[in-house]
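Q: Pasted the sequence and its predicted model underneath.
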Amino acid sequence: MQKNIWDAGGYIVYLTHFGPSYPWMFWAGGAGWNIRPLYKYAMIMGDKQYLKKHVLPLYMKMAEFYENYLTFRINEDGTLAEWMDKNYPDVYQHRHNSHLYPVFPRIELIHAVDTALLHAATAALYKRFEFDTSSTHGLIHLALQAIHLKNTHIMELNLDMSWKAGKLVSFAIHAGNDDVCTVVYKDEKKQIAMKKGKTYNQVDLL
């Protein structure tokens, strides 16, 4: 299919939630996300044979696709564009951020010679954080991307956390819903029954 659409080799990932609200059945950035757990397994287990025999061939085939597909564009807002086609304007009010995959979990843009791409990636991250998503894993991805960009200011603004000398010194959680939250920090673990609209600071949580 990728050959017919993009004239590219390798492979792509097919979405399973294709429908009227998300009419795009190919996840161009999905291969890396799907392979990475296999890579992590091999690295954690120290299994070089598994890495060589199973993981590396998958990455090589994935690279075939990206050689033809993957390029970057900076849009008129100065952010890293989500879509290469200029006829599809960026919509910032959602959590999806596959165009920031080279920031996290990968690191290609972190070492980019073109600093304009780094600035554009940071600007795109700010735009995403302006959207108040209820997706915890979406916020975590954004937070890790901010860390890779060495931009703790984004974290402090949006996740109400602050660091000093590389260590977490304060944090707070703002409850968007009535729910039970499990907080884990170092060797401490605590469950809090949260009430919508209330803020819980470090003293409350640990």
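A: Received, thanks. Numbering: from 1, shown residues only.
Q: Low-confidence stretches in this structure?
A: For the chain, applying pLDDT under 70 flags the ranges 1, 15-26, 132-136, 155-159, 203-206.
Q: So for it, the centremost residue is which one?
A: In the chain, the centroid-proximal residue (CA atoms, centre = their mean) is H141; its distance is 3.8 Å.
Q: Next, count neighbours for the residue nearest to H99 when sequence neighbours are not counted.
A: Distances taken as CB to CB, 6 or more residues apart in numbering put E82 closest to H99, at 4.6 Å, once the chain neighbours are dropped. From N, CA and C alone the C-beta is placed, and that goes for glycine too. Neighbour count of E82, defined by other CB atoms under 10 Å: 22.
Q: Please tell me I have it right and the residue nearest to the centre of the chain contacts S98.
A: No - if you go by CB atoms under 8 Å, H141 and S98 don't touch, sitting 10.1 Å apart.
Q: In this protein, mark out all the helices, start to finish.
A: Along the chain, the segments classed as helices by DSSP state H run 2-6, 30-45, 48-50, 56-69, 115-130, 136-148, 152-159, 202-205.
Q: Return the angle between stretch directions for the fourth one and helix 30-45.
A: The reference is to helix 56-69. Interaxial angle of helix 56-69 relative to helix 30-45 (axes from the mean of the first three to the mean of the last three CA atoms, to 10 degrees): 150 degrees.
Q: mind checking how far helix 56-69 is from the chain centre?
A: 20 Å (CA atoms, centre = their mean, to the nearest Å).
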